[in-house]
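# okay, here's the prediction I keep looking at, along with the sequence it came from:
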Amino acid sequence: MIRSMTAFARKDARGDWGTLTCEIRTVNHRYLEPSFRLPEAFRELENKFREELRKGLKRGKVDISMRLQSAENTVQSFEISDEMAKAVNDAANHINRMLDNPAHISALDILRWPGVLSVPEQDYSAAREAAAELFADTVAELVTVREREGERLRPLFEDRLETMGKLVADVRARMPELLEAQERNLRERFEKANVELDPDRIAQEMVMLAQKSDVAEELDRLDAHIGEVSDTLKRDDAIGRRLDFLMQELNREANTLSSKSIDADVTRAAVDLKVLIEQMREQVQNIE
């Protein structure tokens, strides 16, 4: 299964407590790196959210934002400490009696005094339960989006793998012909130089040339890596790192094929292979 690391999901939930909105954005990253922006009342849920996130995602930089809009009919209540207010007023009047020009103390002055006015803690238990369920639903939606975006890349990989397989097969089929052509060229060079053709010398030169230009192992490894990439694309777990490693191996074999080339067509095939590998490698960087 191919899963893209670039995705976005948003979901809402409503209740008597108001409206909750959860948004999750992800981009490519080497590891799983979540970042949370939560209402203060939901801070205690962060560890639970992290565990839920790890169930669905393996890699990516993840930005999570959750907002709570309280219901319009919610009335903010206050609690006033009559004892504290009376004590503040008595203390102010006591000081005023000692002053030549006392200042008037207002009700707002008394309310500002610490301990006089307090806001009772709201009960967010129902909203927290809804937030946990909403987050799980948003993560599930995000995973679906990542899979959908990733599957769009499948034809790109399949087309390039098929083309690479044909290039490798063409080079393999041409190798006997190329070696024969090299032997003819070698004999012609000896003849032009008026050098007596020594069969043993010819055989020795051909062995050295065949060893130098032998790319059978490289072609076998290219075929093996192409097959491994194809099999990896069918796996259901995170495949990005494995694909990245295989791209490196494919590129190494293509470079060796190019360095051993004894023919312009083989060189062009090696270059075409490297272009195809680079195109896949760019997409692999965004796969989970």
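All right, it came through fine.
# the domain parsing of this protein - what is it?
7-74+124-151, 79-118, 154-284 (automatic domain parsing).
# what pLDDT does the model give E183?
We have a pLDDT of 64 for E183.
# now tabulate the domains of the chain in CSV and tack on mean neighbour count and distance to M1.
(Glycine included, C-beta is placed from N, CA and C.) What follows is those, written out as CSV (neighbours: other CB atoms under 10 Å; distance: least, CB to CB, whole Å):
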stretch, mean neighbour count, distance to M1
domain 7-74+124-151, 16, 6
domain 79-118, 12, 54
domain 154-284, 15, 5
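# OK, contacts around I2?
147, 150-151, 153-154, 157, 233, 239, 287 (CB atoms under 8 Å, 6 or more residues apart in numbering).
# the same query, at a cut-off of 10 Å, please.
Contacts for I2 (CB atoms under 10 Å, 6 or more residues apart in numbering) come out as 146-154, 156-157, 232-235, 239-240, 243, 283-284, 287-288.
# specify the local secondary structure of it.
Following DSSP: H, G, I helix; E, B strand; the rest coil, the label given to I2 is coil.
# what about the strands in the protein?
Here the chain has its strands, by DSSP state E, at 7-15, 18-27, 32-37, 60-70, 79-80, 117-118.
# out of those, which gets nearest to R172?
Proximity to R172, assessed across the strands of the chain by CB to CB, is greatest for strand 60-70 (39.5 Å).
# the closest one pairs with which strands, parallel or anti?
Strand 60-70 pairs in its sheet with strand 18-27 (antiparallel), strand 32-37 (parallel), by DSSP bridges.
# quick one: low-confidence parts of the stretch 51-200 of the chain?
Per-residue confidence for the stretch 51-200 of the chain (pLDDT under 70) gives these ranges: 71-78, 118-121, 178-179, 181-200.
# ranges for the helices of it?
Ranges of helices in the stretch 51-200 of the chain, per DSSP state H, counting those that start in this stretch, are 82-96, 107-111, 125-151, 154-192, 199-213.
# between the ones you listed, which one is nearest to E253?
Sorting those by CB to CB, the top spot, which is the nearest, belongs to helix 154-192 at 9.4 Å.
# end-to-end on stretch 50-62?
Taking CA to CA, to the nearest Å as the measure, stretch 50-62 stretches 11 Å from start to finish.
# dump the strands of the chain to TSV, plus distance to V88.
Shown next, in TSV, are the strands of the chain (distance: least, CB to CB, whole Å):
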stretch	distance to V88
strand 7-15	40
strand 18-27	35
strand 32-37	39
strand 60-70	31
strand 79-80	11
strand 117-118	11
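# of the ones you listed, which is nearest E129?
In terms of CB to CB, the element of the strands of the chain nearest to E129 is strand 7-15, at 9.3 Å.
# name every strand pairing with that closest one and say which way it goes.
strand 18-27 (antiparallel).
# tell me the mean pLDDT for the strand it pairs with?
Mean predicted confidence for strand 18-27 is 95.
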